[in-house]
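Enquirer: Here is a sequence together with a model predicted from it:
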Amino acid sequence: MGGRRILCNVNDPEEMGLWVRVAKASLKSSSYNLTSGPPTPKYYDLDEFVLGRKEDNIYSQGDNAKEIKKAADKFFSKITLLEKEHNIRLDKIAFIDKGGVGPVGMISFLAMAASKAGKAIIIVRPRKRLVSASIKGQIVKGDNVLILSDVATSGTSIYMAAQKIWHLGGKIPCALVWIDRQLGARENLEQYGIKLYSIVDPQILALNSNELKKAIKEDKQEKCYIDFGGNSKTSVYSALMQ
């Protein structure tokens, strides 16, 4: 896989068709404040795909349930690629529970992960002050933990979760998200040794859907490079996306 960070097979029409359908079912046109602060008019709520969208009268029944299974199978199959890339065994999979702040992301896939990924599962609640309350599940010192999330923007949620895991002696060689919006998360997390991988990015989706191409044009976000912990030489600055 080399230095490649996008894990979808862009040459497979069936797989790309699946991710386009997931994106369309997840896309929301609504004001939403990102974890890092800025508001956005467009965002992806993966729960809309898994749990259904009431206003569209779409629920996770029948054919949609089959789509959910396909997406989960394809998503969790990528974990094997990450283990080969890093030549390690990933001991635990961490899901982020944002505690009622915005879409909960991959949590809706948690039950499927337990059977499909074949890994021990932990839940990280970054906003809990007590470490004992912030981790559900067991972390053994030296465990290689893979953090999963739905969408990466600045990487703030992943970094907050990583702090809790590091405190208990866990290692985080990489994180995996469904979509990386390419707004700084990869660079921000790289400072702390976390390699960010994604299934897709907005540009790949745009190549396969005029609707998603339009969404990119309407979403005028800034790249945000953040030195989360003040331990690196990276400055905090923003550059308007062209």
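Expert: Perfect, I can see it now.
Enquirer: Torsion angles phi and psi at the residue nearest to Arg21 when sequence neighbours are not counted?
Expert: In this structure, Arg21 finds its nearest non-sequential neighbour in Glu67, 6.5 Å apart by Cβ to Cβ, 6 or more residues apart in numbering. Heads up, the C-betas are built off the backbone N, CA and C, glycines and all. Here is the backbone geometry of Glu67 (degrees, to the nearest 10): phi -60, psi -40.
Enquirer: Look at Glu67 and say how many residues are nearby.
Expert: 17 (other Cβ atoms under 10 Å).
Enquirer: Repeat that for Leu27.
Expert: Around Leu27 there are 18 other residues, counting by other Cβ under 10 Å.
Enquirer: Show me the strands in this structure, by range?
Expert: Assigned by DSSP state E, the chain shows strands spanning 27-33, 39-44, 52-53, 58-59, 92-96, 120-124, 135-136, 144-152, 171-180, 195-200, 222-225, 237-240.
Enquirer: average model confidence for the second one?
Expert: Mean pLDDT, computed over strand 39-44, is 74.
Enquirer: for the first one, same thing?
Expert: Confidence over strand 27-33, taken as the mean pLDDT, stands at 71.
Enquirer: bridging residues for Val124?
Expert: When bridges are called by DSSP bridges, Val124 pairs up with Ile96, Ile135.
Enquirer: so what's it up against?
Expert: 94-97, 134-136, 147, 161, 164-165 (Cβ atoms under 8 Å, 6 or more residues apart in numbering).
Enquirer: ChimeraX command to pick out the buried ones of the residues you listed?
Expert: Here is the ChimeraX selection string for the buried members of the contacts of Val124, based on 16 or more other Cβ atoms under 10 Å:
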select :94,95,96,97,134,135,147,161,164,165
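Enquirer: picking up where we left off before, among the strands of the chain, show the one with the smallest mean pLDDT.
Expert: Confidence, taken as mean pLDDT, is least for strand 237-240 of the strands of the chain (a mean of 32).
Enquirer: Pick out whichever of the contacts of Val124 sits closest to Lys84.
Expert: Of all the contacts of Val124, Lys84 sits closest to Ile147, with 18.5 Å by Cβ to Cβ.
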